[in-house]
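A.B. asks: Below: sequence and its predicted model.
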Amino acid sequence: MHPRLHAQAHAEKPALIMAADGETITYGELEARANRGAHALRALGLQTGDAVAIACDNRTEFFDIYWAAQRSGLILVLLSARLKTDEIAYIVGDSSAKVVLISDKMASTARDCVANKAAMPNVSQIVTIGTVDDLPEWNALCAAQPATPIADEEIGGRMVYSSGTTGKPKGLKFASASGSPIQPNPGAMLFDRFYDLGEDCIYLSPAPLYHAAPMGITAGIQAVGGTAVVMTKFDPEEFLKAIERYRITAVMVVPTMFIRLLALPDAVRNKYDLSSLKTVLHAAAPCPIPIKQAMIDWLGPIIEEFYSGSEGIGHVTLNSAEWLAHVGSVGRAVIGTIHICDDNGNELPVGETGTVFFSGTKPVTYHNDAAKTASARNPQHPDWSTMGDVGHLDADGYLYLSDRKDFMIISGGVNVYPQEVENLLITHPAVADVAVFGVPNPDFGEEVKAVIQPKDWNEAGPALAADLIQWCKQRLADVKCPRTVDFERELPRAETGKLYKKELKARYWPQA
C-alpha cells in the first residue's frame, strides 16, 4: 500500500510510463525522487500540516511531488493548469498554501504570479517545474537533496477545488490520519476490490492529473504496485495506440472520450490490438444510452461505471451485465445509502425524481464555506449529504441520474432536465457536441436552448437548427425540445471532458 514497499520488493518494476515517449520511472527511482522532493519541501520551509499548491501539466514530476508531500505531512492543493493568476491567488489564499509549484508550460502565469505576489500574502516561495527566468526550479532544488527519507516523516493529505466556472470555487480538504505515510489507502483498496486495479494492473490515464479522480486513481495504482501509463492529453487514436503498445489492462475515461473514440473511422478503430483490456471504467457524467451500448458492442462486457464525487460521500457502481438489465442506470450504492428527496428534504417513493442524498458516510464539509456546506445537507436529516444531482431509484435500488440540480430548467412550471435532451441530440449524425440549458422567456420563465458543435461547420445554420428541433419533437415531449439552436465551432470543455456549461449559459442571461 505504498511505493516504498514496492521499491524494496521490485525496484526495477515500472511505476510510471509517459505514453508519448516511453519515459519510464521505476519504483526504485520513484522512491529516490520522492525522498529528494520531501527534503526539498522541508528546505522551502514547509512543515507538517502546511499546504503546498501545484499547477502542472501531466509529467513525471507530478508524482515526485505527490509522494513527497504525502510523506512530509503536507496538504497538496491541486490547481487546474487552465487557471489564471487571479484564480490561483484566490485558491492559494483560501487554502493557506505557503508554496506554489507551477509548470514551465504556464510560464506567463508564473511570471504574473510573481508580479502579483502581494495578492498571495501567505506564499513564501513560487517555484517552477522546469526553467522560467531566474525563479527557483524544482528539479534543481531536488538534485541538491539526499535520496534517503526525511527524519520527520508524517502522512499527508490533499485538497481539491471545484471548477468555479462562475462564482468562487469551493475547497474539499482530505487530511489523513497521523503517523507513518505507509498506511492502508482506502481509495486504492476500493478500486482494487471493485474494478481489479491491483498489483498486476497496467493502467492508462488519459486525463489531467490535477483533477481529483485521475490523480487519486493513478496514485492509487502506484500505492498497490501496478504500473501507471500517463498521456499528456487525450487523443482518441493515440489512446488506442497506447493500449496496444503498453498492453494496457485498465483505463478510466469520461463519456465524451467514448464519443470521440466512436467517431473514429472503423479502419482506425479496428487497426489496434485491444485484447489486453480487462476493464474500461467510466464516470464523471451520465453516458448516453446509444453511446454506452455501442462501446459494449465494440469492446465487450468489460465496461464498468461508477458515480461518485470529490466529496467522498458515496460510491455507486455498475458493470456491463447490470447496465444491460437496467439500461440507463449508473448503478447501486456500495458505499453509503441513497435517498431521493424533495426540495423540503422529505424522502420520495421509488420511481419519483428528486435530489440524490447519501447517508451512512461522513457528511460533506466545504472549506471556509458554511453556506455551501449547509446547502449540501438535507434539512430533515443533517447527516445526509448531496453533490447536487437529481435522479430516481428503481425497485431494485438502481440509480438513474437526470441532471445537476443547478442546470434544471423550469419552463411554465414544468421541470426539464437538460441531460435527457443532450443525450438525444448527441446521437444525431450531424452533431459532434451539445449543451442544453435554460434561457429567459417572458411568458414561461425559461425556455430550452441548445448550443451545437456540428461535425461539419459548413452545415451550421437555420436549416440544420430547424432539422434538429423537429428531430427532437419526434422523440421528446414538446416542452423538453429546444425552441432555438445556436452553433459554436467548439464547446468549452476541460481536458477531462467536463462541459463548462455555466460559462456558456452566462452568455445568454443578463448580468442582473
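C.D. replies: Cool, the structure landed.

A.B. asks: what's the span of stretch 376-387, first residue to last?
C.D. replies: 7 Å (Cα to Cα, to the nearest Å).

A.B. asks: I meant to write stretch 258-272 there.
C.D. replies: 16 Å.

A.B. asks: Pull out the buried positions in that stretch.
C.D. replies: Phe258, Ile259, Arg260, Leu261, Arg269 (16 or more other Cβ atoms under 10 Å). (C-beta placed from N, C-alpha, C; glycine too.)

A.B. asks: tell me the mean pLDDT for it?
C.D. replies: For stretch 258-272, the mean pLDDT works out to 94.

A.B. asks: now Gly413: how far from Phe194?
C.D. replies: 41 Å (Cβ to Cβ, to the nearest Å).

A.B. asks: The two: which is more packed in?
C.D. replies: A count of neighbours by other Cβ atoms under 10 Å puts Phe194 above the other of Gly413 and Phe194, at 17 against 8.

A.B. asks: dump the residue contacts of the more buried one.
C.D. replies: Glu304, Phe306, Thr317, Val334 (Cβ atoms under 8 Å, 6 or more residues apart in numbering).

A.B. asks: and those, which are buried?
C.D. replies: Buried, going by 16+ other Cβ under 10 Å: Glu304, Phe306, Thr317, out of the contacts of Phe194.

A.B. asks: Any chance of those in TSV with pLDDT, distance to Tyr210 and secondary structure as columns?
C.D. replies: Output for the buried ones among the contacts of Phe194, formatted as TSV (pLDDT from 0 to 100; distance: Cβ to Cβ, whole Å; DSSP: H, G, I helix; E, B strand; the rest coil):
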residue	pLDDT	distance to Tyr210	secondary structure
Glu304	96	24	strand
Phe306	95	20	strand
Thr317	96	25	strand
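
A.B. asks: Of the residues you listed, just say which sits nearest to Ala38.
C.D. replies: Phe306 (32.1 Å; Cβ to Cβ).

A.B. asks: helices or strands up against the helix or strand of the chain with the lowest mean pLDDT?
C.D. replies: Least confident helix or strand, the chain: strand 414-416 with a mean of 80, by mean pLDDT, DSSP states H and E. If you count contacts as 3 or more Cβ pairs under 8 Å, 6 or more residues apart in numbering; DSSP states H and E, strand 414-416 packs onto strand 409-411.

A.B. asks: What's the first helix or strand after the least confident helix or strand of the chain?
C.D. replies: Later in the chain than strand 414-416, the nearest helix or strand by DSSP states H and E is helix 418-425.

A.B. asks: and that following helix, what does it pack onto?
C.D. replies: strand 399-404, strand 431-441, strand 445-454, helix 462-473.

A.B. asks: Beta-bridge partners for the closest residue to Thr279 other than its chain neighbours, please?
C.D. replies: Excluding the flanking residues, the one nearest Thr279 by Cβ to Cβ, 6 or more residues apart in numbering is Ala250, at 4.2 Å. Here Ala250 sits in beta bridges with Tyr203, Thr279, going by DSSP bridges.

A.B. asks: give me every residue that touches Ala250.
C.D. replies: Tyr195, Asp196, Leu197, Cys201, Ile202, Tyr203, Leu204, Leu277, Lys278, Thr279, Val280, Leu281.

A.B. asks: pretty sure the first one contacts Val280?
C.D. replies: If I follow you right, that is Tyr195. No: between Tyr195 and Val280 there is no contact under Cβ atoms under 8 Å: 9.8 Å.

A.B. asks: Please spell out the ChimeraX selection for the buried subset of the contacts of Ala250.
C.D. replies: This is how ChimeraX selects the buried members of the contacts of Ala250, with burial counted by 16+ other Cβ under 10 Å:
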select :195,197,201,202,203,204,277,278,279,280,281
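
A.B. asks: Lowest pLDDT pick from the contacts of Ala250?
C.D. replies: Asp196 (90).

A.B. asks: Can you report how many residues neighbour Gly156?
C.D. replies: Gly156 has 27 nearby residues by other Cβ under 10 Å.

A.B. asks: Ok, the one 5 residues further on next?
C.D. replies: Residues within reach of Tyr161, counting by other Cβ under 10 Å, total 25.

A.B. asks: Kindly report the same for Ser385.
C.D. replies: Number of residues near Ser385 (other Cβ under 10 Å) recorded here: 25.

A.B. asks: Thanks a lot, catch you later.
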